[in-house]
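# Here is a sequence together with a model predicted from it:
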Amino acid sequence: MSAAVEPAADVVGGAPVLSVRNLVKHFPVRSRGVLRRQIGVVHAVCDVSFDLIAGQTLGLVGESGCGKTTTARVLLNLQPATGGEVHYNGTDIASLSAKQMRGLRRELQIVFQDPYASLDPRLPVNEIVAEPLRIHGLYGDGGRAAVRDLLRTVGLKPEHGNRFPHEFSGGQRQRIGVARALALKPRVLVLDEPVSALDVSIQAGVLNLLEELQDELGLSYLFVSHDLSVVRHVSDRIAVMYLGRLVETGGADELFERAAHPYTQALISAIPLPDPRKERARERITVIGDVPSPVNPPSGCRFRTRCPKFAGELSESERRRCVEDQPELIVRGQGHPVACHYAAAAQLL
Amino acid sequence: MTEPVLEVEDLHVTFPTDDGLVTAVRGVSYRLRPGEVLGIVGESGSGKSVTSLAVMGLLPATARVTGSARYRGRELLGASDSELSGIRGKNVAMIFQDPMTSLNPVYSVGYQIAEAVRAHNDVSKQAAMSRAIELLDTVRIPNAAERAASYPHELSGGMRQRVVIAIAMANDPDVIIADEPTTALDVTVQAQIMQALETAKTATGAAMVLITHDLGVIAGQADRVMVMYAGKLVEAGSAEDVFYTPRMPYTLGLLGSLPRLDQKSKQLTPIVGAPPSLINMPPGCPFTPRCPLAQPVCDEIEPPLAATTSLDHLAACHFSSELVEAKPDDVFNTEVADTKALAEFVRQTEGGP
């Protein structure tokens, strides 16, 4: 652990295994034609900082286009960061070359969203799971047995190892993806929407599997998802992202019981509960309009264009602060960090 | 009791394929009463969409549809295309999942709404267009008059879906069939669309068939709920009946496998296995291979959809009486990882080569 790393705003207990500081990722927007001049910048990830505590799950939640997947990819150096640092084991991953990254890839693995696109259709399952072992020169004599055990671990029959991915259902494919990620016995697993392509009855099986694996192997998860119910279920701590910035972070129960950012409140309020009496008795906080383009994000607070508080409750002078002043992600008296000048905790469930 | 607006009886749909006959819907019956919301819930491939497409006569010509579907007593199955055209869009309107494919990319959205108005009313183009703008306003599209000139690709997903809802409202239908209306959208936009749907329902007084895989949406909207599995109704009843006292193991498992936003996390109860292939279905209950309560009789006799504690709460299970007061984790096993194999793997690779 590098002593130089300042703790993130809300570190509670435990040692961080992964520390992200001021992570920035911009994508150039180029003109059409031959020259392809750069005509703009997509602000995909802006100044994101968080800690992943060893053995815990951090849920990164937000709507499509908010930059959560980009954060996950930049974090693993699958795409180079524009700025910022990612500390793992005392090294700044963000500054490493692909070659230097190789060794670390054993310890940092990822499970992708789409179980249909992330498995090579021409490889039998045995080979898919064995591939990371071979790449890192660990297959050797015990490789065969290891692959069999891995398949059994994730609830698949080892005798199915000679089959190809298309012979499996979505849930089974996602289990293959998990087995592949586990093959190198990583310490950190980045799960990028691991269950969003699955039906609920199948999704529950994959979620339970991930939980049991975490308990057994002491893994740390970064769980990226748009589904708040799933995130609450799996996470110890949650970070809510909107248009490239973190707007609120906190313990899972804390965040859901005392959400303080208007965006988090709107998200929680928008999810229908599978409980008829409760659901019908709820009051909704609805946001206006759609997410603005990350090429030209609003000044000041990025959520202000859709914020129900900005539109309905604030006075003219209070609004000026939202327009001019970017709210920092700091503790503002609600017990956890919130990036809103006028944060106020609300009980929504 | 009032006359139902839509009455579906013993609907069967089969598709011939290279691998054999796919039985997508196997004997679905329901009655939609005026003004009510009927929720149909099921996972992908359960036949919930095909059921409504068959009612609307929108299936490909290769599909074989038998049974009966009557709109206010008029038979829809087997009706001629011109007869159906008089009903579709006017009396029975439909909202599809993907608004990008259900709108025509080469016409402005105002034109498409006006087209729906003019299809069933003898009005001038101007009158139809002003009605279109009015409708856009009703579904809360800002600057409706300007937006009417936009093309679908210029609008966001949520706006497009609101245009589709405006089209569905255009002729004051008696029945709106909404097939996964919010599935492709972000949660905050989903909430906006559910509001627009409610507006459409109040404005037209239509009864609604709401098809979705999202149990939360059903809980909030539906008066009555039908659960589909492998082309059949396996449970039906009021929203309270189905959510609080499910009497079919599948429904129970489905509810137990749902992570809850409003509770601290507790163990989920996944349903093992996958839904059966709809080709050459074996006899017996289609849920048997995944059912923790299965007995030999389940493989032989398919249970009928029968009344349970009340006449309005139906379930298709031989052992539905055993599910009284059952909780998902009483019935379903929650363990998934093979911990022995895991330990073996850890031990073997310890130290590594």
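Right, received. Where do you want to start?

# can you list the residues that contact stretch A:338-345?
Identification of contacts with stretch A:338-345 by CB atoms under 8 Å, 6 or more residues apart in numbering or on different chains yields A:245-248, A:258-262, A:301, A:303, A:309, A:313-314, A:318, A:321-322, A:325, A:327-335. For every residue, glycine as well, the C-beta is placed using N, CA and C.

# Which residue lies nearest the spatial centre of the chain?
No chain in the question, so chain A it is. Nearest to the mean C-alpha position of chain A, by CA atoms, centre = their mean, lies A:Val224 at 2.5 Å.

# Please refer instead to chain B.
The centroid of chain B falls nearest to B:Ile211 when counting by CA atoms, centre = their mean (1.8 Å).

# Going by secondary structure, it is in what exactly?
strand B:207-212 (DSSP states H and E).

# follow-up on the earlier one: does the residue nearest to the centre of chain B touch B:Val55 like I think?
No: taking contacts as CB atoms under 8 Å, B:Ile211 lies outside contact range of B:Val55: 11.2 Å.

# tell me, what's touching those two both at once?
B:Ile177.

# what number of residues lie near residue 320?
Using chain A. A:Arg320 has 12 neighbours, counted by other CB atoms under 10 Å in any protein chain shown.

# wrong chain, I was asking about chain B
Neighbourhood size, B:Ser320 [other CB under 10 Å]: 22.

# Would you mind listing the residues in contact with B:Glu7?
Contacts of B:Glu7 (CB under 8 Å, 6+ apart): B:30-32, B:68-70.

# Would you mind naming what in the stretch 1-150 of chain A lies close to chain B?
A:63-64, A:138, A:140-142, A:145-146, A:148-150 (CB under 8 Å from any CB of the partner chain).

# Helices of the chain, start to end?
In the absence of a named chain, this looks at chain A. With DSSP state H, the ranges of helices along chain A come out as A:68-75, A:98-105, A:125-135, A:143-153, A:170-182, A:200-217, A:228-234, A:252-257, A:262-270, A:276-281, A:308-312, A:316-324.

# Hmm, no, I was thinking of chain B.
Going by DSSP H, chain B shows helices at B:48-55, B:81-87, B:99-102, B:109-120, B:125-138, B:144-147, B:157-169, B:187-204, B:215-221, B:239-244, B:249-256, B:296-300, B:328-331, B:339-349.

# so how far is the first one off the chain centroid?
A distance of 9 Å separates the centroid of the chain from that of helix B:48-55, by CA atoms, centre = their mean, to the nearest Å.

# Same question for it: list its buried residues.
Across helix B:48-55, burial judged by 16 or more other CB atoms under 10 Å in any protein chain shown covers B:48-55.

# And that helix, what does it pack against?
If you count contacts as 3 or more CB pairs under 8 Å, 6 or more residues apart in numbering or on different chains; DSSP states H and E, helix B:48-55 packs onto strand B:6-17, strand B:20-32, strand B:37-41, strand B:64-71, strand B:175-179, strand B:207-212.

# mind listing what B:Ser150 touches?
Contacts of B:Ser150 (CB under 8 Å, 6+ apart): B:108-110.

# Also B:Thr17?
B:Thr17 touches B:Ile279, counting by CB under 8 Å, 6+ apart.

# And the furthest pair within the contacts of B:Glu7?
Pairwise distances across those (CB to CB) peak at 13.9 Å, for the pair B:Leu32 and B:Ser68.

# And the two? Which one has more around it.
B:Leu32 (22 against 14).

# hey, what's that one bridged with?
B:Leu6 (DSSP bridges).

# Flag the shaky bits of chain B, pLDDT-wise.
B:1, B:335-337, B:349-353 (pLDDT under 70).

# give me the residue from the stretch 1-150 of chain B nearest chain A.
B:Glu43 (4.1 Å; CB to the nearest CB).

# doesn't A:Asp199 make contact with that residue?
Yes: with contacts counted by CB under 8 Å, B:Glu43 reaches A:Asp199, the gap being 4.1 Å.

# Mutual contacts of these two, please.
With contacts taken as CB under 8 Å, 6+ apart, B:Glu43 and A:Asp199 have B:His213 as neighbours in common.

# Those residues of the stretch 1-150 of chain B touching chain A, which are they?
B:43-44, B:142.

# Repeat the analysis, applying 6 Å as the threshold.
Residues of the stretch 1-150 of chain B lying near chain A by CB under 6 Å from any CB of the partner chain: B:43-44.

# What parts of the stretch 201-349 of chain A come near chain B?
With CB under 6 Å from any CB as the criterion, the stretch 201-349 of chain A meets chain B at residues A:201, A:204-205, A:207-209, A:212-213, A:216, A:228-230, A:232-233, A:253, A:266, A:270-276, A:279, A:286-287, A:290, A:349.

# what are the phi and psi values for B:Ile141?
phi -90, psi 120 (degrees, to the nearest 10).

# That one: neighbouring residues, count only.
Counted with other CB under 10 Å, residues neighbouring B:Ile141 total 22.

# State the distance from the closest residue in space to A:Val295 that isn't next to it in sequence to chain B.
Spatial nearest neighbour of A:Val295, excluding adjacent residues (CB to CB, 6 or more residues apart in numbering or on different chains): A:Gly40 at 5.0 Å. In this view, A:Gly40 and chain B are 19 Å apart by CB to the nearest CB, to the nearest Å.
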